[in-house]
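**Student:** Sequence and computational prediction follow.
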Amino acid sequence: MVLEKKIVSMAKATQIASRKMALVSTSEKNQALRLMAKAILTNKNFLIKENKKDLDTAIKSNYSKALVDRLTLDDKRIKSMADCLLGTAKLKDPVGEVISSFRRPNGLKINKIRTPIGVVGIIYESRPNVTSDCIGLCLKSGNAVILKGGKEALYSNKAIFDVLKKSLKKTRIPLDAIQMISSTDRKSVNILLKLNEYVDVIVPRGGEGLIKFVTENSRIPVIKHYKGVCHTYVSHLANLKMAHNICLNAKIQRPGVCNAMETMIVHEKIAKKFLPLMINDFIKAGVEIRGCADTQKFVSGVKKATKNDWSEEYLDLVLSVKVVKSLTQAFDHINTFGSKHSDAIITKSKKEADEFFRAVDSSCVYANASTRFTDGYEFGFGAEVGISTDKLHARGPMALPELTTYKYVILGSGQVRT
């Protein structure tokens, strides 16, 4: 009961702050972002010290290497957090942008303009940089935000949040515009999900279990940032050297993130030539291969893939490999087992790439590039709240424009309806 009262009170205060945020100017928001970036760098040692508490717990709890990697804050990542805030400050403010404008025969001028959503609730796991990225994006887009991080990053998230909130004291941003639920009690998420009177949208970022739980229990609209079961299809018309480099990058550059490749699909015409060398290099990099029967035919010693493997987000050095007879089989497999996140084709054929783009039902589709580019920073958005796999409102990297809705502003000169 005490926890519920505390969270309800927080949500009420955040809603009041969100109304004030609508009146904060672009220059005032940018000043706040620059001060937050400076605070992150100034408090680097404190952030690393608090992060070590989470890392010690993770190691004692025998968390996977991928999870430990997502948890880790070092000099480079802290600088990246600060750079992200500075980059967001340089981006165009979406609030007030005129999406369309037209005049009716009766003289009414109707403007469709971007406006903040209001209060954004973000529930996330593991990665501490999400704390600063989401605060920066929500403030720049004129929103207030309530954050609920995972217990794995409890100390790191709280340290980042405290540093950023303290820096806002010198700005026009209302302090209640950023809030964090620091309780590790699972009930706290349930309480937040029922506060549709005060919170306008929920954005969950994390594993399949978290997304499913939030979707099933929320009274608030949810923009799902579902798991990343990403595919790369190597066509028989591919440049095989390019395909080798892209596939290696997509899997091993950072395997514990949602845009890493989880399944590689290869056309049977080039499988005999391509797979032995490709799989050998994966194995050298520490990747466990789970292949279909045809993959096992071309490369000995490969573990047989189960049906569950095709829809698995490993977030680790594990890769499923599927051999297909055609482009149609490739995109049928992707649409059946994928998560609508990011999928790529490697081909020299523009016609084939265009067909892949039309047929694959994912938020981001690539030709001749790694799926690892599905990222707000890489897209030039500064950062993202997450990668939306939904089809309505926001899809793909969810950045500043996707953190707004719109309203109609109508200008008249005394018109009345007859």
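**Tutor:** All right, it came through fine. Residues are numbered from 1 along each chain as shown.

**Student:** Give me the residues contacting stretch 21-32.
**Tutor:** The set of residues external to stretch 21-32 that reach it, using CB atoms under 8 Å, 6 or more residues apart in numbering, is 89-90, 93, 95, 115-116, 139-140, 142-144, 167-168, 171-174, 177. For glycine as for every other residue, the C-beta is placed from the backbone atoms N, C-alpha and C.

**Student:** Please repeat the previous calculation with a cut-off of 6 Å.
**Tutor:** Identification of contacts with stretch 21-32 by CB atoms under 6 Å, 6 or more residues apart in numbering yields 89, 93, 116, 139-140, 142, 144, 171-173, 177.

**Student:** mind putting the residues you listed in CSV, pLDDT and distance to Thr72 included?
**Tutor:** Formatted as CSV, the contacts of stretch 21-32 follow (pLDDT from 0 to 100; distance: CB to CB, whole Å):
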residue, pLDDT, distance to Thr72
Ala89, 96, 26
Asp93, 97, 33
Pro116, 98, 33
Leu139, 98, 26
Lys140, 97, 26
Gly142, 98, 32
Ala144, 98, 29
Thr171, 96, 30
Arg172, 95, 34
Ile173, 98, 29
Ala177, 98, 29
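
**Student:** mind checking which helix or strand the residue lying closest to Phe298 once chain neighbours are set aside is in?
**Tutor:** Using CB to CB, 6 or more residues apart in numbering and skipping the chain neighbours, the partner closest in space to Phe298 is Leu275 (4.7 Å). Here Leu275, judged by DSSP states H and E, is contained in helix 268-284.

**Student:** If you count contacts, what does the helix or strand hosting Ile59 end up packed against?
**Tutor:** According to DSSP H and E, Ile59 maps onto helix 44-60. Other elements packing on helix 44-60 under the criterion 3 or more CB pairs under 6 Å, 6 or more residues apart in numbering; DSSP states H and E are helix 65-71, helix 154-167.

**Student:** before we move on, the earlier item: please report how far the residue nearest to Phe298 lies from Asn239.
**Tutor:** The gap separating Leu275 from Asn239 is 16 Å, by CB to CB, to the nearest Å.

**Student:** Looking at these two, which is more packed in?
**Tutor:** Comparing Leu275 with Asn239 by other CB atoms under 10 Å, the one with more neighbours is Leu275, at 23 against 15.

**Student:** Distance-wise, check the more buried one relative to Tyr314.
**Tutor:** Note on Leu275: its distance to Tyr314, by CB to CB, is 19 Å.

**Student:** cool, and Arg290?
**Tutor:** From Arg290 to Tyr314 the distance is 9 Å (CB to CB).

**Student:** cool, Cys258 as well?
**Tutor:** Cys258 sits 11 Å away from Tyr314, going by CB to CB.

**Student:** between those two, which one's more packed in?
**Tutor:** A direct count of neighbours by other CB under 10 Å for Cys258 and Tyr314 places Cys258 higher, at 25 against 22.

**Student:** Using the three-state scheme, assign the residue nearest to that one when sequence neighbours are not counted.
**Tutor:** Nearest residue to Cys258 in three dimensions, chain neighbours excluded: Gly228, at 3.2 Å (CB to CB, 6+ apart). Going by DSSP: H, G, I helix; E, B strand; the rest coil, the secondary structure assigned to Gly228 is coil.

**Student:** can you pull the contacts of Gly228?
**Tutor:** Applying CB under 6 Å, 6+ apart to Gly228 gives the contacts 258-259, 313, 341.

**Student:** Settle this for me: Lys227 is touching Glu313, isn't it.
**Tutor:** Yes - using CB atoms under 6 Å, Lys227 makes contact with Glu313 at a distance of 4.0 Å.

**Student:** between those two, which one's more packed in?
**Tutor:** Using other CB under 10 Å as the criterion, Lys227 and Glu313 rank with Lys227 on top: 23 against 17.

**Student:** How many residues are close by the residue nearest to Ile252 when sequence neighbours are not counted?
**Tutor:** Leaving aside its sequence neighbours, Ile252 sits nearest to Ala285 (CB to CB, 6+ apart; 4.8 Å). Per other CB under 10 Å, the neighbour tally for Ala285 reads 12.

**Student:** In a strand, Leu319, correct?
**Tutor:** Yes - applying three-state DSSP, one finds Leu319 inside a strand.

**Student:** ok, it to Glu313 distance?
**Tutor:** Distance from Leu319 to Glu313, by CB to CB: 12 Å.

**Student:** Repeat that for His236.
**Tutor:** For His236 relative to Glu313 (CB to CB), the value is 28 Å.

**Student:** again, but for Pro401
**Tutor:** Distance from Pro401 to Glu313, by CB to CB: 27 Å.

**Student:** Check Leu139 too.
**Tutor:** For Leu139, the distance to Glu313 - CB to CB - is 31 Å.

**Student:** what's the answer for Lys303, then?
**Tutor:** In terms of CB to CB, Lys303 sits 18 Å off from Glu313.

**Student:** can you tell me which two in the contacts of stretch 21-32 are farthest apart?
**Tutor:** The largest separation in these, counting by CB to CB, is between Ala89 and Ala144 at 18.2 Å.

**Student:** What's the local residue count around Asp185?
**Tutor:** By other CB under 10 Å, 11 other residues sit near Asp185.

**Student:** does it count as helix, strand or coil?
**Tutor:** coil.
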